[in-house]
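**Q** Take this sequence and fold it.
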Amino acid sequence: VQLQASGGGLVQPGGSLRLSCAASGFDLATDAIGWFRQAPGKLREAVSCLGSDDINYSADAVKGRATVSRDSVKRNTVYLEMNDMKPEDTAIYYCASRRYGLGCLDDYSFWGQGTEVTVSS
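**A** This next block holds a predicted model:
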C-alpha cells in the first residue's frame, strides 16, 4: 500500500502544472486527499485538500489557483492542478490520503514520497 506522486519539474512563472498521485493497493475514489508542500528551510504546509464529500479546501496562498480532483476512470489516481504559478510555489509537493475525512486533516494515513516543483524563468 503506497502513494506515488509525480509530475513535478520546472515551471515558468505564470504557468500551470498538474501533479498526479497514484495509489497502489487501494483506490482513492472516496478517500480524503491532501496535497502538502515543503520549501527549503520551511515547515511543511497544506496546499489544497479534497474531502470525501468532494469539496475542495485551499490554503490562502493558493486560493483560486489550486484544485484537487479525482480521475473519473482511474479510481486510484488524484491530481493537484495549479495555475498562475509563482516562484514562492517552489517546493517539494506531497500527496496524502485517509479512508474518510472532510477538509484538510491532521492525520492522513498514507503519504507519497514527494515530487519537486521549481518555478523559475
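**Q** Show which residues not belonging to stretch 6-21 make contact with it.
**A** Applying Cβ atoms under 8 Å, 6 or more residues apart in numbering, the contact partners of stretch 6-21 are 3-5, 22, 28, 33, 35, 77-87, 89, 92-93, 95, 97, 112, 115-121. From N, CA and C alone the C-beta is placed, and that goes for glycine too.
**Q** Filter those down to the buried ones and express that as a ChimeraX selection.
**A** In ChimeraX, this line selects whichever of those come out buried by 16 or more other Cβ atoms under 10 Å:
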select :3,5,22,28,33,35,77,78,79,80,82,85,89,92,93,95,97,112,115,117,119
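**Q** Now, the contacts of stretch 6-21 that are in helices?
**A** Using DSSP state H, no member of the contacts of stretch 6-21 falls within helices.
**Q** For residue 93, give its distance to residue 24.
**A** Computed as Cβ to Cβ, to the nearest Å, the residue 93 to residue 24 distance reads 19 Å.
**Q** Identify all contacting residues around stretch 54-74.
**A** 22, 28-29, 33, 35, 45-51, 77-85, 88-89, 102-104.
**Q** In contact with the most centrally placed residue in the chain, which residues?
**A** What sits nearest the mean C-alpha location of the chain, by Cα atoms, centre = their mean, is residue 35, with 2.9 Å. Applying Cβ under 8 Å, 6+ apart, we find residue 35 in contact with 19, 21, 46-49, 66, 68, 80, 93-96.
**Q** Could I get the average pLDDT for stretch 107-121?
**A** Per-region confidence: stretch 107-121 scores 96 on mean pLDDT.
**Q** nope, stretch 52-72 is what I was after
**A** What stretch 52-72 shows for mean pLDDT is 95.
**Q** Quick one: end-to-end length of it, please.
**A** The first and final residues of stretch 52-72 sit 15 Å from each other (Cα to Cα, to the nearest Å).
**Q** and what of stretch 15-29?
**A** End-to-end distance (Cα to Cα), stretch 15-29: 28 Å.
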